[in-house]
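Undergrad: Structural data only, the sequence is not supplied:
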Ligand SMILES: Cc1ncc(COP(=O)(O)O)c(C=O)c1O
């Protein structure tokens, strides 16, 4: 069946025809591709077109699609049982690996998604501090739990307002929102509300409204303010964790949070999330403490196997190679007239604008040019994330042949952007 036939049916089953909104291609125009198989850096849609993938399922596939070692580990685990609903040795193996890569994780809990990890970490922080209010940053995304679908309300130090229908105002108001890169408002917020805040949560490498790389002093000051006011600092490393370095953004920035949240790579393409950090804070989580949090499929053995097989291949040499390679891809993007490609590790943000550090600084024309680029590159068998606010992800499977294909694709469309 063709993409179009499948999409027509999908519209009768799912809102927008999809299981997650950005997949609907509404941002870039056109209709979504339905994929039937993938390998390495490539995937093939139901019309039989092969695409060089620069979205890579939004981050988990740091080793590429259908990586043989991961498939073998999944196969072995699967034949021993899909789920036990009870402890199993693979949780320990993955936990050991995570602790070896991220030294500040003293205790952790596996969950099934990044959203769940963040929601649970915030509950632990609230349980530990006995405070209700949280702080987030405009331009960061932390999944779709009620208290995080929130933007700044009006007023100097603001109480949040919902960004989604269905989020109760009373819940949104417990979230204060500060712009990234706005040190002055950050200081004022802590001065006024510091003693009420349970937690401050940030993507240390914000990668969900483009790649909004922060000045190190902004993150350093946030760490200091949290310590001063007894606020739990949560690094949301669902994207950056195990992608930008063995110890994620915390290691690269030299800043240690109190708790961190992970997802994507630790599941190797299977649904996994994790929250963890200081053992005194994690000590409030049930059954050790009074903060309830649970999950039927948490620590699922097949997902643990996929995660471990992935993590075992993430050596310092792997990161060094990926980093060097990613610089070449960013340079290839920048051969397009007017395009700038901020990069951090293997995260790339192709944008027709320069020097953006806050989400409200992105210009409408930059996004409409991206939309045109998205369509043009699809015609050259290159699949970018279907939104100008999303970053592109590279993997260990993006080799020289892929880079050559990409350069040719860029050269073929460049004239339209001159
Ligand atoms: C930084 C960050 N936190 C949380 C999430 C939510 O993760 P999930 O989609 O697995 O629920 C995402 C998803 O992209 C993310 O990028």
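TA: Great, that's in hand. None of the values given here were measured: they were computed from a predicted structure. Numbers count the residues shown, from 1 in each chain.
Undergrad: What residues does the closest residue to the ligand within the stretch 151-300 of the chain make contact with?
TA: Nearest to the ligand, among the residues of the stretch 151-300 of the chain, is residue 238, at 3.5 Å (C-beta to the nearest ligand atom). Bear in mind the C-beta positions are built from the backbone N, C-alpha and C, glycine included. Residues near residue 238 by C-beta atoms under 8 Å, 6 or more residues apart in numbering: 59, 114, 117, 118, 142, 143, 203, 261, 262, 263, 264, 273.
Undergrad: Identify those among these that sit within strands.
TA: 261, 262, 273 (DSSP state E).
Undergrad: so which of the residues you listed are also by the ligand?
TA: Among the ones in strands among the contacts of residue 238, not one lies near the ligand by C-beta under 6 Å from any ligand atom.
Undergrad: Out of those, which is nearest to residue 330?
TA: When the ones in strands among the contacts of residue 238 are ranked by distance to residue 330 (C-beta to C-beta), residue 262 comes first, at 25.0 Å.
Undergrad: which residues touch the closest one?
TA: Shown in contact with residue 262 (C-beta under 8 Å, 6+ apart): 98, 114, 117, 237, 238, 241, 242, 248, 273, 274, 275.
Undergrad: Correct me if wrong, but the residue of the stretch 151-300 of the chain closest to the ligand is in a strand.
TA: No. Counting by DSSP: H, G, I helix; E, B strand; the rest coil, residue 238 is located in no strand; its state is coil.
Undergrad: Quick check: residue 175 touching residue 132?
TA: No. Judged on C-beta atoms under 8 Å, residue 175 makes no contact with residue 132 at a distance of 10.0 Å.
Undergrad: After the longest helix seen in the chain, which helix or strand is next?
TA: Counting residues, the longest helix found in the chain (DSSP state H) is helix 316-333. Downstream of helix 316-333, the first helix or strand assigned by DSSP states H and E is strand 343-344.
Undergrad: Mind giving me the packing neighbours of that next one?
TA: Contacts defined by 3 or more C-beta pairs under 8 Å, 6 or more residues apart in numbering; DSSP states H and E place strand 343-344 against helix 316-333.
Undergrad: Now the helix it packs on: buried residues?
TA: Within helix 316-333, the residues scored as buried using 16 or more other C-beta atoms under 10 Å are 319, 322, 323, 325, 326, 329, 330, 332, 333.
Undergrad: Same list (those residues) but as JSON lines, adding pLDDT and distance to the ligand.
TA: Converted to JSON lines, the buried residues of helix 316-333 look like this (pLDDT from 0 to 100; distance: C-beta to the nearest ligand atom, whole Å):
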{"residue": "319", "pLDDT": "97", "distance to the ligand": "19"}
{"residue": "322", "pLDDT": "97", "distance to the ligand": "19"}
{"residue": "323", "pLDDT": "96", "distance to the ligand": "20"}
{"residue": "325", "pLDDT": "98", "distance to the ligand": "22"}
{"residue": "326", "pLDDT": "98", "distance to the ligand": "18"}
{"residue": "329", "pLDDT": "98", "distance to the ligand": "20"}
{"residue": "330", "pLDDT": "98", "distance to the ligand": "20"}
{"residue": "332", "pLDDT": "98", "distance to the ligand": "25"}
{"residue": "333", "pLDDT": "98", "distance to the ligand": "21"}
